[in-house]
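K.L.:
return a 3D structure for these sequence lines:
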Amino acid sequence: MLKKSLFAGVVMALGLTAGAAIAEYPEKSITIVVPSKAGGSTDRTARMFTELAEKNYDGFEFVIKNVPGSGGQKGFEDIARATPDGYTIGLVFTPQLVAHIVSGRAKYTLDSFHIMGNTAQDPAIVVVPKDSAITDMASLAEAAKANSLTVAVNGIGSDDFLAAKAFEAATGVEFNLLPTKGSTEQKAAILGGHVDAAFMNLSQMIKQHKAGDARIIALLTEERDEHLPDMPTAKEQGITVLMRATRGFVAPAGIDAAVQDQLDKMLTEVMASDEFIANAKTGSIFLLPMSGPDYLSYLQSLQAETQAVFDKAPW
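P.N.:
As a prediction, the model looks like this:
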């Protein structure tokens with residue numbers, strides 16, 4: 001089904017015969033820039049896509065290029081300055097993508113990208129070591145008032161960082177925030193008991209929580225999540241802190257419209273396939289498909305909201 005539908009789209013988009021369309025693009029492997037280390041949820045999302053795209057679309061091969069560092073900034077900039085020839089696309093994640101823009105550190109804007117679409121979301125959580133005396137958001141606040149707590153976040157300007165700062169503002173406490181290079185370091189810090197708590201994402205710790213190796217104490221969402229239905233939200237616990245991450249695909253701006261149409265169509269069809277949905281469920285990837293225009297609108301709104309937060313309390 002996937003092969004057939006993309007094939008028709010290619011021909012329609014290019015106005016070419018089937019043989020000519022396949023011959024023109026792609027002629028070599030397509031690089032997907034992942035702005036994080038291998039093994040994390042963003043990396044796994046990219047690899048889920050490439051596995052099914054290569055399986056179902058003749059002639060398409062992908063190479064994953066991990067570009068970690070600076071809360072995704074290095075990878076985002078790598079995508080933005082890539083030659084827009086259809087052979088480099090990448091993943092972005094929020095709120096880091098827009099947080100780097102509003103802080104003035106980014107060497108890109110949203111106009112630097114063609115937004116292909118969003119794939120997944122990831123609710124923010126607060127997690128503590130399995131033997132911690134901290135059991136909920138109230139005891140986290142009490143402990144932070146009594147002692148200096150070391151709390152791990154995924155870099156300055158990340159969703160974790162913004163959520164931790166929101167918790168500080170809501171409760172009047174101040175953490176010793178420990179910026180890390182990614183969720184892998186945060187996970188190791190929690191499992192090893194090297195930090196008092198961490199602000200992270202659900203997909204990154206749900207397996208450890210269910211195995212009893214770490215303890216999630218709150219979801220930072222409006223409502224409880226179906227993947228952890230017994231876990232109360234921070235809002236339910238009387239401290240309203242809301243945060244979630246999104247993970248989408250982009251290409252550098254200026255890419256040929258016909259080629260871009262092929263890539264956009266492929267992303268949409270792969271995300272809608274039963275196999276992708278099943279793999280996402282198995283891999284604790286929480287899907288939130290959005291079209292390119294819808295995701296661009298979301299990013300523009302998020303940038304405005306993040307700008308307001310930055311103007312009030314710059315980081």
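
K.L.:
any idea which helix or strand comes after the longest strand belonging to the chain?
P.N.:
Taking DSSP state E as the criterion, the chain has its longest strand at strand 113-129. Past strand 113-129, further along toward the C-terminus, the next helix or strand under DSSP states H and E is helix 137-146.

K.L.:
next helix or strand past that next one?
P.N.:
Following helix 137-146 in sequence order, the next helix or strand is strand 150-153 (DSSP H and E).

K.L.:
pairing partners for that following strand, with directions?
P.N.:
Using DSSP bridges, the strands paired with strand 150-153 in its sheet are strand 176-179 (parallel), strand 197-201 (parallel).

K.L.:
pick the most deeply packed of these.
P.N.:
Burial of the strands paired with strand 150-153 is given as mean neighbour count (mean count of other CB atoms under 10 Å); strand 197-201 ranks first at a mean of 28. For glycine as for every other residue, the C-beta is placed from the backbone atoms N, C-alpha and C.

K.L.:
going on from it, what's the next piece of helix or strand?
P.N.:
helix 202-211.

K.L.:
neighbouring contacts of that following helix?
P.N.:
40-41, 122-125, 127, 183, 186-187, 190-191, 214-216, 219, 225, 227-228, 284-286 (CB atoms under 8 Å, 6 or more residues apart in numbering).

K.L.:
just the buried residues out of these, in ChimeraX syntax.
P.N.:
Restricted to buried positions by 16 or more other CB atoms under 10 Å, the ChimeraX selection for these reads:
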select :40,41,122,123,124,125,127,183,186,187,190,214,215,216,219,228,284,285,286
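
K.L.:
so which of the contacts of helix 202-211 are in strands?
P.N.:
Secondary structure from DSSP E places 122-125, 127, 214-216, 219, 286 of the contacts of helix 202-211 in strands.

K.L.:
tell me which two in these are the farthest apart.
P.N.:
Farthest apart among the ones in strands among the contacts of helix 202-211 by CB to CB are 215 and 286. That separation is 20.3 Å.

K.L.:
domain parsing for the protein?
P.N.:
Segmentation of the chain into domains, based on the TED database, reads 30-121+245-312, 123-237.

K.L.:
what average pLDDT does the last one get?
P.N.:
Looking back up the chat, that one is domain 123-237. In this model, domain 123-237 carries a mean pLDDT of 94.

K.L.:
what's the end-to-end length of it?
P.N.:
16 Å (CA to CA, to the nearest Å).

K.L.:
what about residue 196, how many residues nearby?
P.N.:
As a burial measure, residue 196 scores 24 neighbours (other CB atoms under 10 Å).

K.L.:
for residue 312, same thing?
P.N.:
With other CB under 10 Å as criterion, residue 312 counts 8.

K.L.:
quick one, phi psi at it?
P.N.:
In terms of degrees, to the nearest 10, the main-chain angles of residue 312 are phi -80, psi -40.

K.L.:
the helices in the stretch 1-150 of the chain, which residues?
P.N.:
2-14, 18-24, 41-56, 73-80, 96-102, 137-146 (DSSP state H, counting those that start in this stretch).

K.L.:
would you mark the buried spots in the fourth one?
P.N.:
What that stands for is helix 73-80. Buried positions in helix 73-80, judged by neighbour count with 16+ other CB under 10 Å: 73, 75-80.
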